[in-house]
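1. okay, here's the prediction I keep looking at, along with the sequence it came from:
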Amino acid sequence: MAGSTPSPDATPSAVPDVLAPGLECVFCGINPGRVSDAASAHFANPRNDFWRLLYAAGFTPRLFAPQEQFDLLPLGIGVTNAAYRTTPGSGDLRRRDFDATRLEAMARELRPRAIAFVGKEAYRGLWNERPELGGQLRTIGEAGLYVLPSTSPANAAVPYSERLRWFRGLKEWLEPEPREAVRAIVVDADRRVLLARIEHPVSGDSWWITPGGGVDPGESDEEALRRELLEETGLEGFEIGPLVHSRVHVFPWAARLLEQHERFHLVRVDGHEPSPTIDVSLEALTDVRWWTLEELDATVEALAPPELPQLVRTLTA
């Protein structure tokens, strides 16, 4: 959980970013209005419902004043803006005011669980996409994205009760869905490891992962692992070795958050030419190949789990 020290990085606006590593949710407004700029605080217009909705939806134990914005950090909550320029209204913003690169860099560095956009226009200004309310297919690294109704008094067409429904929906969405998964660290006689490349269909982010996947209801780990390896790599007739690693991994997929409980088994083979038996593109897989230890050490591509090189080195020592 983050501490309560204010973010050290100054912004081009009088309104500071309220950010820290490892937050559960960063709320992203569109830009500072004149009242917020004068108060150096987010959502400072007394007619803006943001702080009331945070409290009513259960994000805060009491109603916070805008000047207490840094007290959100110990609760796992941050606040930023999609654009920094202060304007009388969001309609005065221009395309150049939005910087998706900045927000993406923040998400990758600070690794919040999710970013919630307070208003569709905050999201649309960054990626020029028209979102629906709720969870989004787009992600930033391992941060899920969610769109809320605007809390501005200018959004009078959406009543308070409807805004509250979406804020409560976000609170529920932030609790990840549990998922059981089993994976194989497949090692051959040349100490190579077999990995598959998975690519996010919207953001384009990619990772090299060990083959395997979700355990279906009523399925054992062994049954799931044999099914997954046959589908993804064409491998069959192998012995499943011991459980060598496990982790709990929270990540966004298909517009929701998953809490995946992964178990990794060692599988040793003499050799194998990967040949999937299904259309792996439907699983967002784009490649399956062998990796040497030297390649694992040298790559700048993302590996999952991140400690995979050391794990493989230990298993093949």
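-> Received, thanks.
2. domain ranges for this structure?
-> For the chain, automatic domain parsing gives the domain ranges 25-173, 177-316.
3. ok, and which of those has the densest surroundings?
-> Of all those, domain 25-173 has the most neighbours on average by mean count of other Cβ atoms under 10 Å, namely a mean of 18. From N, CA and C alone the C-beta is placed, and that goes for glycine too.
4. quick one: distance of it to the chain centre.
-> Its chain's C-alpha centre lies 16 Å from the corresponding centre of domain 25-173 when counted by Cα atoms, centre = their mean, to the nearest Å.
5. still on that earlier bit, what would the domains of the chain look like in TSV with mean pLDDT and distance to residue 15?
-> Formatted as TSV, the domains of the chain follow (pLDDT from 0 to 100; distance: least, Cβ to Cβ, whole Å):
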stretch	mean pLDDT	distance to residue 15
domain 25-173	95	4
domain 177-316	95	27
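6. quick one, what contacts residue 177?
-> The contact partners of residue 177, taken as Cβ atoms under 8 Å, 6 or more residues apart in numbering, are 256-259.
7. assumed residue 265 was part of a strand.
-> Yes - with DSSP: H, G, I helix; E, B strand; the rest coil as the criterion, residue 265 is located in a strand.
8. mind checking how far it is from residue 243?
-> Distance, residue 265 to residue 243, using Cβ to Cβ, to the nearest Å: 6 Å.
9. if we can go back for a sec, need the domains of the chain in JSON lines with distance to residue 17, can you?
-> Shown next, in JSON lines, are the domains of the chain (distance: least, Cβ to Cβ, whole Å):
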{"stretch": "domain 25-173", "distance to residue 17": "5"}
{"stretch": "domain 177-316", "distance to residue 17": "22"}
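10. hang on, the earlier thing: quick check, nearest of the contacts of residue 177 to residue 304?
-> residue 258 (13.2 Å; Cβ to Cβ).
11. in what helix or strand does the closest one lie?
-> In the assignment (DSSP states H and E), residue 258 maps to strand 256-268.
12. quick one: distance of the next helix or strand after that strand to the chain centre.
-> Sequence-wise, the next helix or strand downstream of strand 256-268 (DSSP H and E) is strand 285-291. Remark: strand 285-291 is offset 23 Å from the chain centroid, using Cα atoms, centre = their mean.
13. contacting residues around strand 285-291?
-> So strand 285-291 is contacted by 188, 192-199, 206, 208, 211, 232-233, 274, 276, 280 (Cβ under 8 Å, 6+ apart).
14. quick check, pLDDT for residue 2.
-> At residue 2, the pLDDT value in this model is 42.
15. kindly report the same for the one 4 residues further on.
-> Note on residue 6: pLDDT of 46.
16. which of the contacts of residue 177 sits closest to residue 77?
-> Distances from residue 77 to those, taken by Cβ to Cβ, are shortest for residue 257, at 16.0 Å.
17. mind listing what the residue lying closest to the closest one once chain neighbours are set aside touches?
-> Leaving aside its chain neighbours, residue 257 sits nearest to residue 176 (3.9 Å; criterion: Cβ to Cβ, 6 or more residues apart in numbering). If you count contacts by Cβ under 8 Å, 6+ apart, residue 176 has them with 250, 256-259.
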